[in-house]
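Undergrad: Sequence first, predicted model second:
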Amino acid sequence: MNWSVIPAFLKSRTFGPLTLNQGETLSATNPENARPLVSIVIPMLNERDAIERCINSIFAQDYPADRLEIVIVDGLSDDGSQQVVTSLMKEHHFIKLLENPTRRTPASLNIGVRHAAGDVIVILGAHTTIERQFVSTNIKYMNELGVKCTGGTQINVGETYLQRAIGFGMGSVFGIPSAPYRFFPKKRFVDTVVYAAYKRQLFDEVGYFDEELCISEDAEFNWRIRKAGNKIFYTPEIISYYYPRKNLFRLFKQFFNYGIFRVNVMKKHIDSVKLIHFLPPLFVATMVVLSVGGFFVPLLWKLAAVVLALYILYIILGAFLTAGKVKKIHYVPVLPPVFATMHISWGTGFLVGMVKK
């Protein structure tokens, strides 16, 4: 692992006391040495180049191997992904390989959860690897605090210059800062977490993942958990590494879909809406209206040029601040197009989602 991309507060591995919101309390219900069976559910679709790396990080866990189960749900991959998994299954008998003909991620998650034997369910992505203490730290805090959902921080990493730049952009407040909890330096209760661990009973309490969604199904599920009166605990001690898209075209497709399905979640849970969600679509809509309106009122083209110039200054400033924060100043030239790709694709997807039934 390239530790140069990891924030300093994580390198130190010293974490502050738990930050509680007003009125929140803790309770210890289970002994620290409890070791429940943990099922790790991974949806997969054409992930030949990533899935083995993900599974190997699970093999390296410090949690007892006889208390682990890996459940991979494949969406009928045609790139050899299944063959990679079946070859690993020959030596590791705690791997299950299932199929999902619908290819939809929430359906894969639900298939995996229903076939999992564990008392605790962990959701992972095939593009992800996890720290050696990932599982044991989740279980530790479940036992200590008596909570039913835990999670931690996500660090974006990459193998190429552009992929690393995309990772820096996704982790910056100048990108799409819809989940700043991923980078909190202190333990706290949050609205949602990435790659969460769930007590199985939560699925009986609030249902399964919403199969009408293709993206953000975990955030929507976590929102239902909170609405049912449960707490979600975050600690930066739980670390996962995410390998983002390798080029801007794939990044555009990813964030376009994020924008569409953010609207779907918003329609289901209006109380999940935040002002930040409207900024990218507002920018896209403003540029479209001014550009088209300029054919009728030429002055609008000048206004569009002013708005665009201010936006370019914003993403250039964001590039310098983001690159400076990670001490990688040579990423400044590529960060503005990364930011623009995320903003425009997410904003466009959001607008498309608004007009779709």
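TA: Cool, the structure landed.

Undergrad: Count the neighbours of residue 88 for me.
TA: 18 (other CB atoms under 10 Å). C-beta coordinates here come from the backbone N, C-alpha and C atoms, glycine included.

Undergrad: so who does it touch?
TA: Each residue near residue 88 by CB atoms under 8 Å, 6 or more residues apart in numbering is listed here: 52, 55, 95.

Undergrad: Restricted to buried residues, select the residues you listed in PyMOL.
TA: Buried members of the contacts of residue 88 can be picked out in PyMOL with the line below, counting by 16 or more other CB atoms under 10 Å:
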select buried, resi 52+55+95
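
Undergrad: would JSON lines of the contacts of residue 88 with pLDDT be doable?
TA: Listed next are these as JSON lines, based on pLDDT from 0 to 100:
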{"residue": "52", "pLDDT": "96"}
{"residue": "55", "pLDDT": "97"}
{"residue": "95", "pLDDT": "96"}
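
Undergrad: Now intersect the contacts of residue 88 with the helices, please.
TA: Those of these mapping onto helices are 52, 55, per DSSP state H.

Undergrad: Which of the contacts of residue 88 lies at the shortest distance from residue 300?
TA: Nearest to residue 300 among those, counting by CB to CB, is residue 52 at 53.5 Å.

Undergrad: just checking, the closest one touches residue 84?
TA: Yes - using CB atoms under 8 Å, residue 52 is in contact with residue 84, at 5.3 Å.

Undergrad: which helices and strands does the longest strand along the chain pack with?
TA: For the chain, the strand with the greatest residue count under DSSP state E is strand 232-242. For strand 232-242, the elements it packs on are helix 8-11, strand 128-130, helix 134-145, strand 149-156, strand 188-190, strand 194-199, helix 217-227, judged by 3 or more CB pairs under 8 Å, 6 or more residues apart in numbering; DSSP states H and E.

Undergrad: Reformat the ones you listed into a markdown table and put mean pLDDT next to each item.
TA: Listed next are the helices and strands packed on strand 232-242 as a markdown table, based on pLDDT from 0 to 100:
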| stretch | mean pLDDT |
| --- | --- |
| helix 8-11 | 40 |
| strand 128-130 | 96 |
| helix 134-145 | 97 |
| strand 149-156 | 93 |
| strand 188-190 | 91 |
| strand 194-199 | 96 |
| helix 217-227 | 91 |
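
Undergrad: Need these in TSV (columns: mean neighbour count).
TA: As requested, the helices and strands packed on strand 232-242 are exported to TSV (neighbours: other CB atoms under 10 Å):
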stretch	mean neighbour count
helix 8-11	14
strand 128-130	22
helix 134-145	22
strand 149-156	24
strand 188-190	19
strand 194-199	24
helix 217-227	21
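
Undergrad: Among the ones you listed, which comes closest to residue 345?
TA: Once the helices and strands packed on strand 232-242 are compared by CB to CB, strand 149-156 is nearest, at 17.2 Å.
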